[in-house]
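**Q** Below are the sequence and a predicted model; questions follow.
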Amino acid sequence: MEFEPVIGLEVHAQLKTKTKIFCSCSTSFGAPPNTHTCPVCLGMPGVLPVLNKRVVEYTLRMAIATDCKIARESRFARKNYFYPDLPKGYQISQYELPIAQHGHIDIEINDSNQRIGITRIHMEEDAGKLGHDPDRPISMIDFNRTGVPLIEIVSEPDIRSPDAAGAYLRQLRSIVRYLGICDGNLEEGSFRCDANVSIRPKGAEAFGTRTELKNLNSFKHVQKALQYEINRQKETILDGGHIVQETRLWDPTKNKTTSMRGKEEAHDYRYFPDPDLLPLVIDDQWIGAVKKNLPELPDQKRRRFMKQYGLPSYDAQLLTSDRELADYFEDCARRFAKPKPVSNWIMGPLLGLLNAQDKTIDASPISAPDLAQLLELIENGTISGKIAKSVFDEMAQTGKPPQTIVEQKGLVQIADTGAIDEIVSQVISNCPKEVEAYQNGKTKLLGFFVGQVMKKTRGKANPKLVNEILEKKLER
């Protein structure tokens, strides 16, 4: 029997506001425990929440960017459950009347475009953070995160593979970062995902029993956890068992999911409208103002890069996956007007360097102006491509501009025809057997001769001149 996975994702994105959603406490990360708290976010008796307008504006940005229908009137609700990190005993969220519904995100998977529906986007407050003592049976609570604003983005069950789930999450993260509403930091928990997955016989319309997966703190973990769970459900059904609706925890050290608890339903949370908060009313003027100030989004930028710079789809997709990376490319391309070499050097040596150093583009040791200057030195024949790689490494280590490195190390390319001619003659006279083999038809030996000349000149000879002179001298 062939099975088809059905996947839906729930993403919580922490908004980059300076203060919390219902009080003026700071949202900055890394402060000493319980220092960013007040009676409002701690749920003290008699306090009243006041909605942060910036939270609404950021949510509207996301709703417009994903083509959602925005509710002119929405309501906050209380989601009731008891857990030590929830001081009020309920979470302020939205339920029946969310701020946005029925949007979509387009992804590219296996060289084809796919549209993933968005069920809803709503605002809510975050809970606190529990820390567990490894040596004693004690847990400690930090309420700094309590009341930090979140948007929850709930997808339709339109995703059919772990790879598509990964592509959707990367696109979603790219959008929130382009909009400037979330930093997308998975390690700090500002971009978190829960996954719902079930399987059904291929061609069936009814959904199977789903499980919810938690503790997915990287794209890699999401894809591996989904694949494990899909395989587990297949094996269970084929062995005559039944899937239980439950929440399962992903264990990245054992690469498996384990049962955590039974899955809650909406009625378990006893939602009801929050009596302390008025309905949120949004007019067309506010929506229009937000729409007017939206930046160019990833898909728009990707299409422009292909049209304006003539880049292939792969290059454009990679370069626009991150707003800072796209800005770096454009800065470099403005200074060196040959986009494809710029793209090649960014995607190859530069990203390779950043990955090795675990750095992002905004922490690059090589600036866009310096990379453009390096490409200009190659283009005008001052240095060869081989020398350029050693100059690049020196730039990364010292921070010096390429022109300075070339001058200090005497790396200027030899373009003197007479000088190259003399070195070529020496190489030919020193390799009589190879010359004879070349002249008897083994023309691939030309690369050997070029290598010998470059070795004698320490890579500084102009490769084009070397090839031309060698071909002439090696003729019978």
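**A** Received, thanks.
**Q** Pull out the buried positions in the lengthiest helix in the chain.
**A** In the chain, taking DSSP state H as the definition, the longest helix is helix 219-238. Going by neighbour count (16 or more other Cβ atoms under 10 Å), the buried part of helix 219-238 is 219, 221-230, 232-233, 237. All C-beta spots, glycine's among them, are computed from the backbone N, C-alpha and C.
**Q** for stretch 328-338, same thing?
**A** For stretch 328-338, a neighbour-count test (16+ other Cβ under 10 Å) marks 328, 329, 330, 332, 333, 335, 336 as buried.
**Q** before we move on, the earlier item: could you dump the buried residues of helix 219-238 to CSV with distance to residue 247 and pLDDT?
**A** Shown next, in CSV, are the buried residues of helix 219-238 (distance: Cβ to Cβ, whole Å; pLDDT from 0 to 100):
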residue, distance to residue 247, pLDDT
219, 21, 91
221, 16, 91
222, 16, 93
223, 19, 95
224, 18, 95
225, 13, 95
226, 15, 96
227, 18, 96
228, 15, 95
229, 12, 96
230, 17, 96
232, 14, 95
233, 15, 95
237, 20, 94
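**Q** Pop the domain breakdown of the chain in here.
**A** Domain assignment for the chain by automatic domain parsing gives 3-288, 296-409, 417-474.
**Q** ends of the second one, how far apart?
**A** Same thing as domain 296-409. End-to-end distance of domain 296-409: 43 Å, with Cα to Cα, to the nearest Å as the criterion.
**Q** Offset the numbering so it begins at 34, please.
**A** Okay, using 34 as the starting number, the last item reads as domain 329-442.
**Q** tell me the mean pLDDT over that domain?
**A** For domain 329-442, mean pLDDT rounds to 94.
**Q** Grab the longest strand from this protein for me.
**A** Looking across the chain with DSSP state E, the single longest strand is strand 145-158.
**Q** Run through the helices of the stretch 334-483 of the chain in chain order.
**A** 346-352, 356-368, 372-378, 384-390, 401-412, 418-431, 435-442, 450-463, 465-472, 479-489 (DSSP state H, counting those that start in this stretch).
**Q** Of all those, which one is nearest residue 110?
**A** With Cβ to Cβ as the criterion, residue 110 lies closest to helix 356-368 of the helices of the stretch 334-483 of the chain, at 33.7 Å.
**Q** tell me what the closest one is packed against?
**A** Counting by 3 or more Cβ pairs under 8 Å, 6 or more residues apart in numbering; DSSP states H and E, the packing neighbours recorded for helix 356-368 are helix 195-212, helix 331-342, helix 346-352, helix 372-378, helix 401-412.
**Q** got those as TSV, with mean neighbour count and distance to residue 497 columns?
**A** Output for these, formatted as TSV (neighbours: other Cβ atoms under 10 Å; distance: least, Cβ to Cβ, whole Å):
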stretch	mean neighbour count	distance to residue 497
helix 195-212	22	41
helix 331-342	17	26
helix 346-352	18	26
helix 372-378	19	16
helix 401-412	20	12
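**Q** right, and those - which one's nearest residue 471?
**A** The closest of the helices and strands packed on helix 356-368 to residue 471 is helix 401-412. By Cβ to Cβ, the value is 29.0 Å.
**Q** Just the angle for that closest one relative to helix 418-431, thanks.
**A** 160 degrees (axes from the mean of the first three to the mean of the last three Cα atoms, to 10 degrees).
**Q** Next, the angle helix 435-442 makes with helix 401-412.
**A** When the same axes, to 10 degrees is applied, the directions of helix 401-412 and helix 435-442 differ by 60 degrees.
**Q** thinking again about what came up before, which residues sit against the longest helix of the chain?
**A** With contacts defined as Cβ atoms under 8 Å, 6 or more residues apart in numbering, helix 252-271 is touched by 34, 36, 38, 40, 195-196, 198-199, 202-203, 219, 226, 228, 230-232, 241, 244, 246, 248-249, 275-276, 281, 283, 285, 288-290.
**Q** any idea how far that helix is from the chain center?
**A** Relative to the chain's own centre, helix 252-271 is displaced by 23 Å; criterion: Cα atoms, centre = their mean, to the nearest Å.
**Q** Can you name the residues that contact residue 328?
**A** Counting by Cβ under 8 Å, 6+ apart, residue 328 makes contact with 211, 212, 213, 356.
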